[in-house]
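Novice: What shape does this take:
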Amino acid sequence: MKIGKVSITKLFTFDSAHHLIDYNGKCRNIHGHTYKLEITLKGLPDENGLVMDFHDLEAIIENEVLEKVDHKYLNDVFDFNPTCEMIGLWLWEEISKQVQNTRCTLEKLVLWETPTSYITIDRNDME
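Specialist: This next block holds a predicted model:
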C-alpha cells in the first residue's frame, strides 16, 4: 500500500468571557462564548499507522493551550483586543510551538465563536 500524508482533526470546546475594546456594538460589553476549536494536523503515519495519537493531541491542546483560556476573562489574559481573529492567531502560534518537534505540522485551525460565526487559518496563510 502506498503511504502518503494524512490529515487528522480533533474538536475542542472552551468557555471564556471578553469584551471588545474600541468597538461600538453590543460586544463592547462583557459577554461570554462557548468556543469550538477544530485542529487539523498533517503528517506521514508512523510505524503504528498513526500521524499522532488522538489522546496525545488532546493532552497537548488541553494542558498546554486551553488551560490558559478556558473559563478565563480574555481581556486579562491577552495584551491585544480579544477578537475571534486575534484569539485564532494566538492559538495558531501556541499550537505550532507544541507540535514543532513532532512528525506532523499544523495545517488548519477553525475557531467558532458562535454556532454560526467562525474564523479559519490554514498553513498557507501563515507561511
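
Novice: C-alpha only now, for contacts and for neighbours.
Specialist: Will do.

Novice: Now do the phi/psi pair for the residue nearest the centre of the chain.
Specialist: For the chain, the residue nearest the mean C-alpha position is L91 (4.6 Å; CA atoms, centre = their mean). Main-chain torsions, L91, degrees, to the nearest 10: phi -60, psi -40.

Novice: Helices of this structure, start to end?
Specialist: With helices called from DSSP state H, the chain shows them at 54-64, 74-77, 84-99.

Novice: Just send those helices back as JSON lines, with distance to V110 and mean pLDDT too.
Specialist: Output for the helices of the chain, formatted as JSON lines (distance: least, CA to CA, whole Å; pLDDT from 0 to 100):
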{"stretch": "helix 54-64", "distance to V110": "14", "mean pLDDT": "96"}
{"stretch": "helix 74-77", "distance to V110": "18", "mean pLDDT": "98"}
{"stretch": "helix 84-99", "distance to V110": "8", "mean pLDDT": "97"}
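
Novice: Please name whichever of those is nearest to K108.
Specialist: Among those, helix 84-99 comes nearest to K108, with 8.7 Å by CA to CA.

Novice: Give me the distance between the residue nearest to the centre of the chain and E64.
Specialist: Distance, L91 to E64, using CA to CA, to the nearest Å: 11 Å.

Novice: hang on, the earlier thing: right, and the helices of the chain - which one's nearest H19?
Specialist: Closest approach to H19 among the helices of the chain is made by helix 74-77 (7.0 Å; CA to CA).

Novice: starting at the chain centroid, how far to the closest one?
Specialist: Computed by CA atoms, centre = their mean, to the nearest Å, the chain-centroid distance of helix 74-77 equals 17 Å.

Novice: now swap in stretch 91-102 and tell me
Specialist: 10 Å.

Novice: Which positions within it qualify as buried?
Specialist: For stretch 91-102, burial by neighbour count (16 or more other CA atoms under 10 Å) applies to L91, W92, I95, Q98, V99.

Novice: what does that stretch rub up against?
Specialist: With contacts defined as CA atoms under 8 Å, 6 or more residues apart in numbering, stretch 91-102 is touched by I60, I61, E64, V65, T105, L106, L109, I121.
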